[in-house]
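**Student:** Build me a structure from this.
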Amino acid sequence: MKSIKEILSSHGYDSIEAVPTDTYAEISVEGYEDLTIEKITPNRLSVSQSYTQRGDIMRDPEIVFKITGDKWIAVMYQQDDIGKFQQDDSGIKSATTFAHNLWDSNLQSQGFVEAAKNKESLFN
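**Tutor:** Numbering: from 1, shown residues only. All right, here's what the predicted structure looks like:
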């Protein structure tokens, strides 16, 4: 996920290891669902876009990546509006392909990388 790597790098995190575990970043771009990046374990990063529906946070989608070096492999995929949930520690090929080929370029073109660069502090 080049866009997420670029967001992290713009705030001095040149590797996933450099990101503090149990921290998260929220990035907003007007007209789009908020983007949340959360480091959940030393080698897992959750990336999600979400909206609120009748008081519930709806993931659209959330993907948890297992990161080893430069390899980002989707191990969990959830999209609440269609009731889809997949989890496989060895990897979910369709979610990995979607993330790298479509979602990544969408996040870039929707302005999330630029918005993150303009934030004073990334992680809470």
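**Student:** what about the longest helix in this protein?
**Tutor:** helix 2-10 (DSSP state H).
**Student:** Could you list every helix and strand that the helix or strand that that one is followed by packs against?
**Tutor:** Where DSSP states H and E defines the elements, the next helix or strand beyond helix 2-10 is strand 23-27. In terms of contacts (3 or more Cβ pairs under 8 Å, 6 or more residues apart in numbering; DSSP states H and E), strand 23-27 is packed against strand 34-41, helix 112-117. Just so you know, the C-beta spots here come from the backbone N, C-alpha and C atoms, and that holds for glycine as well.
**Student:** residue ranges with poor pLDDT in the protein?
**Tutor:** 124 (pLDDT under 70).
**Student:** and the most centrally placed residue in it, what element?
**Tutor:** The centroid of the chain falls nearest to residue 47 when counting by Cα atoms, centre = their mean (1.8 Å). In this assignment (DSSP H and E), residue 47 forms part of strand 44-53.
**Student:** Also compute the angle for that strand relative to strand 23-27, please.
**Tutor:** 50 degrees (axes from the mean of the first three to the mean of the last three Cα atoms, to 10 degrees).
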